[in-house]
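**Q** coords please:
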Amino acid sequence: MTPSRKSHLVIGVLTFVAGVVLLFPARVAYQWFAPDEIDLGGIDGTIWTGSAREMTGGGLYLRDVRWRMHPLRLFTGKLGFDIEATPGTGFIEAELALGLGGDVSIGNLNGSGSLQAVADILRMPGLRGNVSLQFERLHLRDGLPVAADGKIAVAGLVAPLIDAAPIGDYVMEFFTSEGGVAASVEDSNGAFDLAGSLTISADRSYVFLGKVAATERTSEKLRQQLRFLGSPDDRGQREIRLEGSL
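**A** Below is the predicted model of the structure:
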């Protein structure tokens, strides 16, 4: 075979391979590679640019999922995508990178929606309210947040375990610390005067420490519940401590 014919053959093979990869159907990729916990329906397009009518996974339901892959991320050992989806109501958009060993890196995450969409995940039946989130960075390892820099705001929170009536608005500011992920928690227009801190450690344990006090917005029912937290200090504040494992 002459050098010219060899070069033409190599070019032809590379073109064929590139065409197969670029047009690799998303439906086939899903059947081959997707974990059992993820269920996609109405898949269309390719692994590079595609969509799914709906997705369920980890107790979360999303509609109108769309993605676009970043090929250069492959050189870092990760699959990188731009993702958009609708969580029942609202929207989610983010830059997603999937690494080896189950690592998930999320950048420029913005979204809003209803807390009802995550009530089952949080094991809080009847949870309602509107939530918005903005994260510059969120890194998950085996589902555990090991780095987080961003904010979650909740408006019109209803938690039946506390009260059937709305208990106001709250904000959580997340940041990454040496021991894991931490967050400040406070009310922005709540039924309580609340301020506290949340820490999530590498061993999957979490601790919330805070102080809460009644205000003119606190109902008599909630004031009665506050008494179970013990005696207030000289500023009328009572201590809260919640801990467990994720």
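
**Q** tell me which helix or strand of this structure sits lowest on mean pLDDT?
**A** helix 3-22 (a mean of 41; mean pLDDT, DSSP states H and E).

**Q** Glu216 belongs to a helix?
**A** No - counting by DSSP: H, G, I helix; E, B strand; the rest coil, Glu216 falls outside a helix, being coil.

**Q** Next one: it from Gly107, what distance?
**A** In this view, Glu216 and Gly107 are 42 Å apart by C-beta to C-beta, to the nearest Å. For the C-beta atoms, the positions are set from N, CA and C on the backbone; glycine is no exception.

**Q** who has more neighbours, these two?
**A** Neighbour totals were compared for Glu216 and Gly107, and Gly107 leads with 15 against 4 (other C-beta atoms under 10 Å).

**Q** Break this protein into its domains for me.
**A** Annotated domains of the chain cover 1-86, 96-246 [automatic domain parsing].

**Q** looking at these, which is buried most?
**A** Ranked by mean neighbour count, the domains of the chain are led by domain 96-246 with a mean of 15 (mean count of other C-beta atoms under 10 Å).

**Q** So Gly210 is in contact with Arg238, correct?
**A** No - applying C-beta atoms under 8 Å, one finds Gly210 not in contact with Arg238, separated by 9.4 Å.

**Q** Could you verify that Phe228 is part of a helix?
**A** Yes - with three-state DSSP as the criterion, Phe228 is part of a helix.

**Q** That one and Gly156: what is the separation?
**A** Counting by C-beta to C-beta, the gap from Phe228 to Gly156 is 25 Å.

**Q** still on that earlier bit, where among the domains of the chain is average confidence lowest?
**A** Comparing mean pLDDT over these, the weakest stretch is domain 1-86, at a mean of 67.

**Q** ok, which stretches of this protein are helices?
**A** 3-22, 26-33, 220-226 (DSSP state H).
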